[in-house]
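Chemist: coords below, sequence missing:
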(Lines give C-alpha, C1' and ligand atoms only; values in the text may rest on other atoms or scores of the structure.)
Protein backbone atom coordinates (compact mmCIF):
# COMPACT_ATOMS: atom_id res chain seq x y z
CA UNK A 1 0.00 0.00 0.00
CA UNK A 2 2.83 2.39 0.84
CA UNK A 3 4.56 1.55 -2.43
CA UNK A 4 1.34 2.25 -4.34
CA UNK A 5 0.88 5.57 -2.56
CA UNK A 6 4.46 6.52 -3.38
CA UNK A 7 3.85 5.62 -7.02
CA UNK A 8 0.81 7.92 -7.07
CA UNK A 9 2.95 10.77 -5.76
CA UNK A 10 5.54 10.17 -8.45
CA UNK A 11 3.13 10.05 -11.39
CA UNK A 12 0.76 12.76 -10.17
CA UNK A 13 2.67 15.53 -11.97
CA UNK A 14 3.85 13.40 -14.87
CA UNK A 15 2.30 13.56 -18.36
CA UNK A 16 -0.57 11.06 -18.65
CA UNK A 17 -0.36 10.62 -14.89
CA UNK A 18 -3.97 9.46 -14.70
CA UNK A 19 -3.26 6.56 -17.04
CA UNK A 20 -0.20 5.60 -14.98
CA UNK A 21 -2.28 5.59 -11.78
CA UNK A 22 -4.92 3.44 -13.49
CA UNK A 23 -2.17 1.05 -14.57
CA UNK A 24 -0.90 0.77 -10.99
CA UNK A 25 -4.40 0.17 -9.60
CA UNK A 26 -5.91 -2.25 -12.09
CA UNK A 27 -3.05 -3.17 -14.43
CA UNK A 28 -3.77 -4.49 -17.89
CA UNK A 29 -3.70 -8.23 -17.66
CA UNK A 30 -4.90 -8.75 -21.25
CA UNK A 31 -1.70 -7.25 -22.67
CA UNK A 32 0.55 -9.59 -20.69
CA UNK A 33 2.62 -11.53 -23.18
CA UNK A 34 5.06 -14.42 -23.28
CA UNK A 35 8.02 -12.19 -22.39
CA UNK A 36 6.44 -11.09 -19.10
CA UNK A 37 5.41 -14.65 -18.26
CA UNK A 38 8.92 -15.95 -18.91
CA UNK A 39 10.11 -13.49 -16.27
CA UNK A 40 7.58 -14.12 -13.51
CA UNK A 41 6.87 -17.85 -13.83
CA UNK A 42 10.41 -18.93 -12.84
CA UNK A 43 10.29 -16.40 -9.99
CA UNK A 44 6.99 -17.85 -8.72
CA UNK A 45 8.34 -21.39 -9.06
CA UNK A 46 11.46 -20.59 -7.00
CA UNK A 47 9.40 -18.87 -4.29
CA UNK A 48 6.98 -21.81 -4.16
CA UNK A 49 9.85 -24.30 -3.93
CA UNK A 50 11.49 -22.37 -1.08
CA UNK A 51 8.26 -22.13 0.89
CA UNK A 52 7.43 -25.80 0.27
CA UNK A 53 10.80 -26.96 1.53
CA UNK A 54 10.65 -24.66 4.56
CA UNK A 55 7.03 -25.38 5.51
CA UNK A 56 8.02 -27.70 8.35
CA UNK A 57 10.46 -25.37 10.17
CA UNK A 58 8.11 -22.43 9.57
CA UNK A 59 5.18 -24.21 11.22
CA UNK A 60 7.32 -25.28 14.21
CA UNK A 61 9.03 -21.91 14.76
CA UNK A 62 7.68 -20.37 17.95
CA UNK A 63 9.80 -17.27 18.45
CA UNK A 64 13.31 -16.09 19.13
CA UNK A 65 15.98 -15.56 16.52
CA UNK A 66 15.06 -18.70 14.59
CA UNK A 67 11.39 -17.72 14.42
CA UNK A 68 12.31 -14.24 13.28
CA UNK A 69 14.47 -15.62 10.45
CA UNK A 70 11.74 -17.96 9.22
CA UNK A 71 9.25 -15.08 9.30
CA UNK A 72 11.70 -12.95 7.36
CA UNK A 73 12.08 -15.69 4.72
CA UNK A 74 8.31 -16.01 4.32
CA UNK A 75 7.67 -12.28 4.00
CA UNK A 76 10.64 -11.84 1.67
CA UNK A 77 9.16 -14.43 -0.73
CA UNK A 78 5.72 -12.93 -0.25
CA UNK A 79 6.91 -9.41 -1.06
CA UNK A 80 8.86 -10.59 -4.09
CA UNK A 81 5.81 -12.33 -5.57
CA UNK A 82 3.45 -9.46 -4.80
CA UNK A 83 5.61 -6.69 -6.24
CA UNK A 84 6.27 -8.63 -9.42
CA UNK A 85 2.55 -9.38 -9.79
CA UNK A 86 1.45 -5.77 -9.28
CA UNK A 87 3.37 -4.74 -12.39
CA UNK A 88 1.18 -7.09 -14.45
CA UNK A 89 -2.24 -7.10 -12.78
CA UNK A 90 -2.35 -3.99 -10.57
CA UNK A 91 -2.70 -3.53 -6.83
CA UNK A 92 -6.44 -4.20 -6.57
CA UNK A 93 -6.48 -7.46 -8.50
CA UNK A 94 -3.38 -8.84 -6.77
CA UNK A 95 -4.81 -8.23 -3.31
CA UNK A 96 -8.14 -9.67 -4.40
CA UNK A 97 -6.32 -12.86 -5.36
CA UNK A 98 -4.50 -12.84 -2.02
CA UNK A 99 -7.42 -12.15 0.30
CA UNK A 100 -10.77 -13.26 -1.13
CA UNK A 101 -10.09 -16.94 -1.99
CA UNK A 102 -8.49 -17.35 1.45
CA UNK A 103 -11.49 -15.73 3.13
CA UNK A 104 -13.93 -18.01 1.29
CA UNK A 105 -12.00 -21.17 2.11
CA UNK A 106 -11.94 -20.23 5.79
CA UNK A 107 -15.76 -20.07 5.70
CA UNK A 108 -16.25 -23.55 4.28
CA UNK A 109 -13.40 -25.88 5.18
CA UNK A 110 -10.65 -26.81 7.56
CA UNK A 111 -7.36 -28.57 6.98
CA UNK A 112 -6.21 -29.73 3.56
CA UNK A 113 -9.47 -28.94 1.75
CA UNK A 114 -8.93 -25.22 2.26
CA UNK A 115 -6.28 -25.05 -0.45
CA UNK A 116 -8.50 -26.76 -3.03
CA UNK A 117 -11.42 -24.45 -2.23
CA UNK A 118 -9.18 -21.38 -2.47
CA UNK A 119 -7.86 -22.46 -5.86
CA UNK A 120 -11.38 -23.21 -7.12
CA UNK A 121 -12.71 -19.81 -6.01
CA UNK A 122 -9.77 -18.02 -7.64
CA UNK A 123 -10.24 -19.86 -10.94
CA UNK A 124 -14.02 -19.46 -11.11
CA UNK A 125 -14.00 -15.77 -10.09
CA UNK A 126 -11.23 -15.00 -12.60
CA UNK A 127 -13.06 -16.77 -15.41
CA UNK A 128 -16.33 -15.01 -14.53
CA UNK A 129 -14.61 -11.63 -14.47
CA UNK A 130 -12.93 -12.22 -17.82
CA UNK A 131 -16.20 -13.39 -19.38
CA UNK A 132 -18.11 -10.37 -18.06
CA UNK A 133 -15.36 -8.04 -19.26
CA UNK A 134 -15.55 -9.54 -22.75
CA UNK A 135 -19.36 -9.65 -22.89
CA UNK A 136 -19.98 -6.05 -21.74
CA UNK A 137 -16.74 -4.42 -22.92
CA UNK A 138 -15.59 -3.46 -19.40
CA UNK A 139 -12.09 -2.83 -17.99
CA UNK A 140 -10.72 -6.29 -17.31
CA UNK A 141 -8.91 -5.68 -14.00
CA UNK A 142 -11.78 -3.82 -12.37
CA UNK A 143 -14.32 -6.38 -13.60
CA UNK A 144 -12.29 -9.25 -12.14
CA UNK A 145 -12.01 -7.45 -8.79
CA UNK A 146 -15.80 -6.99 -8.72
CA UNK A 147 -16.22 -10.67 -9.59
CA UNK A 148 -14.07 -11.60 -6.60
CA UNK A 149 -16.17 -9.31 -4.40
CA UNK A 150 -19.37 -10.91 -5.69
CA UNK A 151 -17.92 -14.37 -4.99
CA UNK A 152 -17.17 -13.40 -1.38
CA UNK A 153 -20.65 -11.90 -0.90
CA UNK A 154 -22.28 -15.02 -2.39
CA UNK A 155 -20.18 -17.30 -0.21
CA UNK A 156 -21.16 -15.36 2.89
CA UNK A 157 -24.86 -15.44 1.94
CA UNK A 158 -24.83 -19.20 1.26
CA UNK A 159 -22.91 -20.18 4.36
CA UNK A 160 -26.02 -20.48 6.58
CA UNK A 161 -27.28 -23.14 4.17
CA UNK A 162 -24.70 -25.52 5.62
CA UNK A 163 -26.86 -25.78 8.71
CA UNK A 164 -29.10 -28.79 9.20
CA UNK A 165 -32.38 -27.02 8.56
CA UNK A 166 -31.66 -25.82 5.03
CA UNK A 167 -35.15 -24.47 4.35
CA UNK A 168 -35.15 -22.36 7.51
CA UNK A 169 -31.62 -21.12 6.81
CA UNK A 170 -32.51 -20.19 3.23
CA UNK A 171 -35.64 -18.36 4.38
CA UNK A 172 -33.70 -16.50 7.06
CA UNK A 173 -30.98 -15.49 4.60
CA UNK A 174 -33.57 -14.29 2.06
CA UNK A 175 -35.38 -12.24 4.69
CA UNK A 176 -32.13 -10.71 5.93
CA UNK A 177 -30.97 -9.75 2.42
CA UNK A 178 -34.38 -8.29 1.55
CA UNK A 179 -34.58 -6.36 4.82
CA UNK A 180 -31.13 -4.86 4.35
CA UNK A 181 -31.97 -3.90 0.77
CA UNK A 182 -35.20 -2.19 1.86
CA UNK A 183 -33.45 -0.42 4.73
CA UNK A 184 -30.70 0.93 2.48
CA UNK A 185 -33.18 1.94 -0.24
CA UNK A 186 -35.57 3.66 2.20
CA UNK A 187 -32.78 5.57 3.92
CA UNK A 188 -31.28 6.64 0.58
CA UNK A 189 -34.68 7.72 -0.72
CA UNK A 190 -35.39 9.84 2.35
CA UNK A 191 -31.94 11.44 2.31
CA UNK A 192 -31.44 11.89 -1.47
CA UNK A 193 -34.82 11.69 -3.25
CA UNK A 194 -33.50 13.15 -6.53
CA UNK A 195 -30.66 10.65 -6.80
CA UNK A 196 -30.95 7.32 -8.61
CA UNK A 197 -33.21 4.88 -6.74
CA UNK A 198 -32.42 1.43 -8.21
CA UNK A 199 -34.91 -0.56 -6.12
CA UNK A 200 -37.83 1.81 -6.66
CA UNK A 201 -36.98 2.16 -10.36
CA UNK A 202 -36.98 -1.63 -10.74
CA UNK A 203 -40.35 -1.95 -9.00
CA UNK A 204 -41.84 0.78 -11.19
CA UNK A 205 -40.42 -0.84 -14.33
CA UNK A 206 -42.38 -4.05 -13.69
CA UNK A 207 -45.36 -2.30 -12.03
CA UNK A 208 -45.76 1.23 -13.50
CA UNK A 209 -48.93 1.70 -11.48
CA UNK A 210 -46.81 2.17 -8.36
CA UNK A 211 -46.14 5.75 -9.47
CA UNK A 212 -49.82 6.57 -9.09
CA UNK A 213 -49.43 6.03 -5.36
CA UNK A 214 -47.28 9.14 -4.93
CA UNK A 215 -47.99 11.17 -8.10
CA UNK A 216 -50.66 13.84 -7.98
CA UNK A 217 -53.18 14.17 -10.81
CA UNK A 218 -51.12 16.69 -12.82
CA UNK A 219 -47.92 14.67 -12.53
CA UNK A 220 -49.73 11.53 -13.66
CA UNK A 221 -50.98 13.26 -16.81
CA UNK A 222 -47.57 14.76 -17.64
CA UNK A 223 -45.79 11.44 -17.07
CA UNK A 224 -48.27 9.52 -19.22
CA UNK A 225 -48.07 12.00 -22.11
CA UNK A 226 -44.26 12.11 -22.00
CA UNK A 227 -44.13 8.30 -22.04
CA UNK A 228 -46.48 8.12 -25.02
CA UNK A 229 -44.51 10.71 -27.00
CA UNK A 230 -41.19 9.02 -26.18
CA UNK A 231 -42.56 5.68 -27.37
CA UNK A 232 -43.86 7.30 -30.57
CA UNK A 233 -40.46 8.83 -31.35
CA UNK A 234 -38.76 5.51 -30.63
CA UNK A 235 -41.04 3.68 -33.04
CA UNK A 236 -40.46 6.30 -35.76
CA UNK A 237 -36.69 5.97 -35.34
CA UNK A 238 -36.93 2.18 -35.58
CA UNK A 239 -39.08 2.48 -38.71
CA UNK A 240 -36.48 4.67 -40.43
CA UNK A 241 -33.69 2.31 -39.41
CA UNK A 242 -35.63 -0.66 -40.80
CA UNK A 243 -36.32 1.21 -44.02
CA UNK A 244 -32.63 2.02 -44.53
CA UNK A 245 -31.55 -1.52 -43.63
CA UNK A 246 -34.15 -3.12 -45.93
CA UNK A 247 -32.96 -1.01 -48.86
CA UNK A 248 -29.41 -2.24 -48.34
CA UNK A 249 -30.45 -5.90 -47.96
CA UNK A 250 -32.54 -5.79 -51.12
CA UNK A 251 -29.75 -4.17 -53.07
CA UNK A 252 -31.61 -0.93 -53.69
CA UNK A 253 -29.24 2.01 -53.73
CA UNK A 254 -30.18 4.95 -51.51
CA UNK A 255 -29.26 8.39 -52.73
CA UNK A 256 -27.05 10.67 -50.70
CA UNK A 257 -29.98 13.03 -50.24
CA UNK A 258 -32.12 10.24 -48.81
CA UNK A 259 -29.31 9.14 -46.47
CA UNK A 260 -28.90 12.68 -45.15
CA UNK A 261 -32.67 13.01 -44.78
CA UNK A 262 -32.95 9.78 -42.79
CA UNK A 263 -29.99 10.77 -40.64
CA UNK A 264 -31.56 14.14 -39.89
CA UNK A 265 -34.88 12.57 -38.94
CA UNK A 266 -33.15 9.99 -36.73
CA UNK A 267 -31.24 12.70 -34.91
CA UNK A 268 -34.41 14.73 -34.40
CA UNK A 269 -36.42 11.76 -33.14
CA UNK A 270 -33.65 10.71 -30.74
CA UNK A 271 -33.33 14.23 -29.35
CA UNK A 272 -37.09 14.55 -28.89
CA UNK A 273 -37.24 11.14 -27.20
CA UNK A 274 -34.46 12.16 -24.82
CA UNK A 275 -36.37 15.36 -24.05
CA UNK A 276 -39.51 13.41 -23.14
CA UNK A 277 -37.47 11.01 -21.00
CA UNK A 278 -35.97 14.02 -19.21
CA UNK A 279 -39.50 15.26 -18.48
CA UNK A 280 -40.37 11.85 -17.02
CA UNK A 281 -37.29 11.84 -14.79
CA UNK A 282 -37.94 15.38 -13.59
CA UNK A 283 -41.58 14.69 -12.73
CA UNK A 284 -40.60 11.51 -10.93
CA UNK A 285 -37.83 13.27 -9.01
CA UNK A 286 -40.13 16.09 -7.88
CA UNK A 287 -42.80 13.65 -6.75
CA UNK A 288 -40.27 11.59 -4.80
CA UNK A 289 -38.82 14.71 -3.22
CA UNK A 290 -42.28 15.75 -2.07
CA UNK A 291 -43.21 12.30 -0.75
CA UNK A 292 -39.77 11.21 0.40
CA UNK A 293 -40.60 10.72 4.08
CA UNK A 294 -43.52 8.40 3.77
CA UNK A 295 -41.98 6.47 0.86
CA UNK A 296 -38.73 6.00 2.78
CA UNK A 297 -40.66 5.28 5.98
CA UNK A 298 -42.69 2.52 4.32
CA UNK A 299 -39.50 0.88 3.05
CA UNK A 300 -37.85 1.08 6.49
CA UNK A 301 -40.94 -0.33 8.23
CA UNK A 302 -41.06 -3.18 5.71
CA UNK A 303 -37.38 -3.85 6.41
CA UNK A 304 -38.08 -3.99 10.16
CA UNK A 305 -40.97 -6.40 9.57
CA UNK A 306 -38.88 -8.72 7.38
CA UNK A 307 -35.72 -8.61 9.50
CA UNK A 308 -35.18 -12.05 11.12
CA UNK A 309 -35.04 -10.88 14.74
CA UNK A 310 -33.74 -13.47 17.14
CA UNK A 311 -36.34 -14.52 19.67
CA UNK A 312 -35.05 -14.74 23.19
CA UNK A 313 -35.96 -17.98 24.86
CA UNK A 314 -36.91 -17.73 28.51
CA UNK A 315 -36.30 -20.64 30.77
CA UNK A 316 -39.00 -21.35 33.34
CA UNK A 317 -37.97 -20.35 36.82
CA UNK A 318 -37.48 -23.06 39.37
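Modeler: Everything's here; your move. Fair warning: this is a prediction, and the values are worked out from it, not measured in the lab. Residues are numbered from 1 along each chain as shown.

Chemist: Going by C-alpha atoms from here, please, whenever you check contacts or count neighbours.
Modeler: Noted.

Chemist: okay, and for the stretch 201-318 of the chain, where does confidence drop off?
Modeler: Applying pLDDT under 70 to the predicted model, the residue ranges of the stretch 201-318 of the chain that meet it are 248-254, 311-318.

Chemist: What segments of it are helices?
Modeler: According to DSSP state H, counting those that start in this stretch, the stretch 201-318 of the chain carries its helices in the segments 217-249, 256-290, 292-306.

Chemist: can I get these in a markdown table with distance to residue 137 and mean neighbour count?
Modeler: As requested, the helices of the stretch 201-318 of the chain are arranged in a markdown table below (distance: least, Cα to Cα, whole Å; neighbours: other Cα atoms under 10 Å):
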| stretch | distance to residue 137 | mean neighbour count |
| --- | --- | --- |
| helix 217-249 | 25 | 15 |
| helix 256-290 | 24 | 16 |
| helix 292-306 | 35 | 18 |
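
Chemist: what's the closest of those helices to residue 141?
Modeler: Residue 141 lies closest, by Cα to Cα, to one member of the helices of the stretch 201-318 of the chain: helix 256-290, at 33.0 Å.

Chemist: The closest one vs helix 292-306, what angle?
Modeler: Following axes from the mean of the first three to the mean of the last three Cα atoms, to 10 degrees, one obtains 70 degrees for the angle between helix 256-290 and helix 292-306.

Chemist: Off-centre distance for helix 256-290?
Modeler: The chain centroid and the centroid of helix 256-290 are separated by 30 Å under Cα atoms, centre = their mean, to the nearest Å.

Chemist: same deal with stretch 85-94?
Modeler: The chain centroid and the centroid of stretch 85-94 are separated by 19 Å under Cα atoms, centre = their mean.

Chemist: quick one: terminal-to-terminal distance for that stretch?
Modeler: As for stretch 85-94, its first-to-last residue distance stands at 7 Å under the measure Cα to Cα, to the nearest Å.

Chemist: related to what we said a few turns ago, would JSON lines of the helices of the stretch 201-318 of the chain with distance to residue 60 be doable?
Modeler: Converted to JSON lines, the helices of the stretch 201-318 of the chain look like this (distance: least, Cα to Cα, whole Å):
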{"stretch": "helix 217-249", "distance to residue 60": "71"}
{"stretch": "helix 256-290", "distance to residue 60": "63"}
{"stretch": "helix 292-306", "distance to residue 60": "50"}
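
Chemist: Among the ones you listed, which comes closest to residue 13?
Modeler: The nearest among these, by Cα to Cα, is helix 256-290 at 39.3 Å.

Chemist: What separation do you get for the most centrally placed residue in the chain and residue 80?
Modeler: Within the chain, one residue has its C-alpha closest to the average C-alpha position: by Cα atoms, centre = their mean, that is residue 146, at 4.7 Å. Here residue 146 is placed at a distance of 25 Å from residue 80 (Cα to Cα).
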